[in-house]
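A.B. asks: Have a look at this fold, sequence not included:
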């Protein structure tokens, strides 16, 4: 399984764009990159998933360079409610039994 | 997104008793379910992976006789903490993954169960 490395914490202010980068140097050919958000005392919530280049949905964008050894989650114009822990996961989603292993995550604090 | 319901949201039990936590996929068939434990300020630790109709695969260091996992149907998995002790107090989270058109979906998580053993 590809190991992921993220910054432990980040601070931002309301209205700013936040970019959280995840390193996954030993990502495998069949691996996808998935980001989850977790609030205290809640289960993680799916944000976005991608394989290469750029993926965008209504809440975030995911940028993946050609070598796929890293990825960047971009949150546009964050608000106080975006304060949470963000986890980057890498895995072979084609294998249903493939375990989902969480790294340390990035604790994002959005300030007014 | 798909909904995974976990019950109960919180439970307090006496030391030595057993507690069962249910995890249901409400609008999809979960071919695989995962159980995690999370201590305060820490990341999720995978306890076991289970496929419907099969025995669960436990992570190293997780006692399979203490944490009984049953995945009897495509929409229900249960985790039973047997003979609970205060050190078992934690936040337990389940996750379910299904498939659509032969392609596996992303995993969806339950809301978690806060277990306190007194």
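C.D. replies: The structure has been received and is ready for your questions. Source: prediction; values computed, not measured.

A.B. asks: so what's the residue lying closest to residue B:45 once chain neighbours are set aside bridging to?
C.D. replies: Leaving aside its sequence neighbours, residue B:45 sits nearest to residue B:37 (Cβ to Cβ, 6 or more residues apart in numbering or on different chains; 5.2 Å). For glycine as for every other residue, the C-beta is placed from the backbone atoms N, C-alpha and C. Residue B:37 forms beta bridges with residue B:45, residue B:92, as assigned by DSSP bridges.

A.B. asks: next one: residue B:22
C.D. replies: Under the criterion used (DSSP bridges), residue B:22 bridges to residue B:7, residue B:78.

A.B. asks: For it, list the residues it contacts.
C.D. replies: For residue B:22, the contact set (Cβ atoms under 8 Å, 6 or more residues apart in numbering or on different chains) comprises B:6-7, B:76-78.

A.B. asks: same question, residue B:65
C.D. replies: Counted by Cβ under 8 Å, 6+ apart, residue B:65 has contacts residue B:82.

A.B. asks: In contact with the residue nearest to residue B:45, which residues?
C.D. replies: Per Cβ under 8 Å, 6+ apart, neighbours of residue B:37: B:44-45, B:47, B:90-93.

A.B. asks: at 6 Å instead, please
C.D. replies: B:45, B:47, B:90, B:92 (Cβ atoms under 6 Å, 6 or more residues apart in numbering or on different chains).

A.B. asks: what number of residues lie near residue A:70?
C.D. replies: Neighbour count of residue A:70, defined by other Cβ atoms under 10 Å in any protein chain shown: 18.

A.B. asks: That one contacts residue A:23, correct?
C.D. replies: Yes - if you go by Cβ atoms under 6 Å, residue A:70 and residue A:23 touch, sitting 5.0 Å apart.

A.B. asks: burial of residue 112, as a residue count?
C.D. replies: Since you didn't name a chain, this refers to chain A. By other Cβ under 10 Å, neighbour count at residue A:112 equals 7.

A.B. asks: That was the other one, I meant chain B.
C.D. replies: 23.

A.B. asks: what pLDDT does it get?
C.D. replies: At residue B:112, the pLDDT value in this model is 97.

A.B. asks: now do residue A:94
C.D. replies: So residue A:94 comes in at 60 (pLDDT).

A.B. asks: Might you report the residue contacts of residue B:10?
C.D. replies: By Cβ under 6 Å, 6+ apart, the neighbours of residue B:10 are residue B:114.

A.B. asks: what's the distance between it and residue B:25?
C.D. replies: 21 Å (Cβ to Cβ, to the nearest Å).

A.B. asks: And the residue of chain A at minimum distance from chain B, how close does it get to residue A:5?
C.D. replies: Closest contact between chain A and chain B, by Cβ to the nearest Cβ, is at residue A:43 (3.5 Å). Separation of residue A:43 from residue A:5 (Cβ to Cβ) stands at 23 Å.
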